[in-house]
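> structure here, sequence nowhere to be found:
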Ligand SMILES: NC(=O)c1ccc[n+]([C@@H]2O[C@H](COP(=O)([O-])OP(=O)(O)OC[C@H]3O[C@@H](n4cnc5c(N)ncnc54)[C@H](O)[C@@H]3O)[C@@H](O)[C@H]2O)c1
């Protein structure tokens, strides 16, 4: 048996990275950085050092620490991924930027749109890549939806209907809107043409189990050009439903994320209106129902988080803006804040700032 000498070292061009936060989500980042041929994972940091050690495994040469400052002082580490609770994102992200590190921050980017903007502006000033982990935006399904809309296959988007419900973990530091809605808001931000995001919001939430926070919520989002989106989020559903219907003037698209054999379907069915003149030369509206094929495109099985860390590393090396950059994180928070304002006013329609 031949033995290799010395620990493995990064290949040319690989971006040196570290992960902070080794709780529920951090290990997914660790695994994807390890599997990515453009990144080299140097260290994992958690206040609970044992947790970080468990994530890297006892035979690993990846360093573990409980001190974030250790990562900041390490010149081999060019970028840090922050997977700690949302309340810590602002100070950790600013310290990382101050130390000249590119950042990948878990959603939500911060606790407020103003804080998120502070992060985005600081990174921009320092010329660093700042990304927010809106993982869904990198799924093959969302890639396909984005392509279908961009190619004009759906026509003008008229409405979006999303249901994101399951028996979820009732979380201590967040409500169902802040937990689940960022997924739908970032997906909308990613697939709708630039400048056609929500302009006003009406939201209602209830807490039927006495958790002290909304566990079931309904959010209506007005889009420009008389379009609308609606999102139903819940932690209390006994079944898991991840369904999105996108109605376009030419086609409909249905995304059922719990059906791996047919996640996306496009339908040529729909209704058109034509104006005709009757025998008295009066103008009449005529409704014409279109029938047509349903098409279910084959999608790849690529892991979204792998595509996301690749985009992060590519933007660091080659320049460019990641698909889910920190400004998307800001826009998502602006809508979440409008949701909070509307909820506090019993669902009144409030503008998105
Ligand atoms: N992208 C997604 O789909 C997705 C999914 C789940 C969670 N998240 C996000 O990931 C983030 C973390 O969530 P989680 O569920 O993994 O939380 P968690 O509580 O399970 O883990 C957080 C970890 O961070 C550590 N930590 C806290 N402060 C620290 C500090 N200052 N320095 C070092 N370590 C510190 C804690 O010890 C803990 O191990 C949240 O922002 C959450 O919204 C994203």
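On my side now, so go ahead. These figures come from a predicted structure and were not determined experimentally. Numbers count the residues shown, from 1 in each chain.

> low-confidence stretches in the stretch 1-150 of the chain?
Along the stretch 1-150 of the chain, the parts satisfying pLDDT under 70 run over 1-8.

> enumerate the residues of it near the ligand.
Taking C-beta under 6 Å from any ligand atom as the measure of proximity, the stretch 1-150 of the chain contacts the ligand at 20-26, 45-48, 51, 68, 83-86, 88, 106-107, 133, 135. All C-beta atoms are positioned from the backbone trio N, CA, C, and that covers glycine.

> now intersect those with the helices, please.
Among those, the residues falling in helices (DSSP state H) are 26, 51, 68.

> among those, name the buried ones.
For these, a neighbour count by 16 or more other C-beta atoms under 10 Å gives the buried set as 26, 51, 68.

> quick check, nearest of these to residue 352?
Minimum distance to residue 352 across those is 31.2 Å, recorded for residue 26 (C-beta to C-beta).

> quick one: neighbours of the residue nearest to that closest one when sequence neighbours are not counted, just the number.
Nearest residue to residue 26, sequence neighbours excluded (C-beta to C-beta, 6 or more residues apart in numbering): residue 83, at 3.8 Å. For residue 83, the neighbour count with other C-beta atoms under 10 Å is 24.

> cool, and residue 274?
Around residue 274 there are 9 residues (other C-beta under 10 Å).

> OK, now which residue of the stretch 101-250 of the chain is nearest to the ligand?
Of all residues in the stretch 101-250 of the chain, residue 106 sits closest to the ligand, with a separation of 3.5 Å (C-beta to the nearest ligand atom).

> just checking, residue 335 touches residue 200?
No - using C-beta atoms under 8 Å, residue 335 is not in contact with residue 200, being 9.9 Å away.

> out of the two, which sits in the busier spot?
The neighbour comparison of residue 335 against residue 200 (other C-beta under 10 Å) goes to residue 335, with 27 against 15.

> my read is the more buried one is in a helix, agree?
Yes - Residue 335 forms part of a helix when assessed by DSSP: H, G, I helix; E, B strand; the rest coil.

> tell me the contacts of it?
By C-beta atoms under 8 Å, 6 or more residues apart in numbering, the contact set of residue 335 is 181, 185, 197, 198, 201, 221, 352.

> if we use 6 Å, what do you get?
Contact analysis of residue 335 by C-beta atoms under 6 Å, 6 or more residues apart in numbering lists 185, 198, 352.

> what residues are up against the first one?
Neighbouring residues of residue 185 by C-beta under 6 Å, 6+ apart: 332, 335.

> rewinding a little: ok, the contacts of residue 335 vs residue 129, which is closest?
Looking at the contacts of residue 335 and their distance to residue 129, the nearest is residue 185, at 21.7 Å (C-beta to C-beta).

> so the closest one, which state does it fall into?
helix.

> just give the closest residue to residue 105, not the sequence neighbours.
Leaving out its chain neighbours, the residue that sits closest to residue 105 by C-beta to C-beta, 6+ apart is residue 82, at 4.7 Å.

> hey, what's that neighbour bridged with?
residue 20, residue 105 (DSSP bridges).

> what's the neighbour count on it?
26.

> test my guess that it contacts residue 90.
No - in this structure, residue 82 is not within contact of residue 90 by C-beta atoms under 6 Å, at 10.0 Å.

> in the stretch 251-353 of the chain, which residue sits closest to the ligand?
Evaluated by C-beta to the nearest ligand atom, the stretch 251-353 of the chain has residue 305 as its residue closest to the ligand, separated by 7.8 Å.

> so that residue sits in a strand?
No - applying three-state DSSP, one finds residue 305 to be helix, outside a strand.

> that one against residue 32, yeah?
Yes - with contact defined as C-beta under 6 Å, residue 305 reaches residue 32; the gap is 4.7 Å.

> what sits against the residue nearest the centre of the chain?
By C-alpha atoms, centre = their mean, the chain has its centre lying nearest to residue 134, at 2.3 Å. Taking C-beta under 6 Å, 6+ apart, we find residue 134 in contact with 107, 186, 324.
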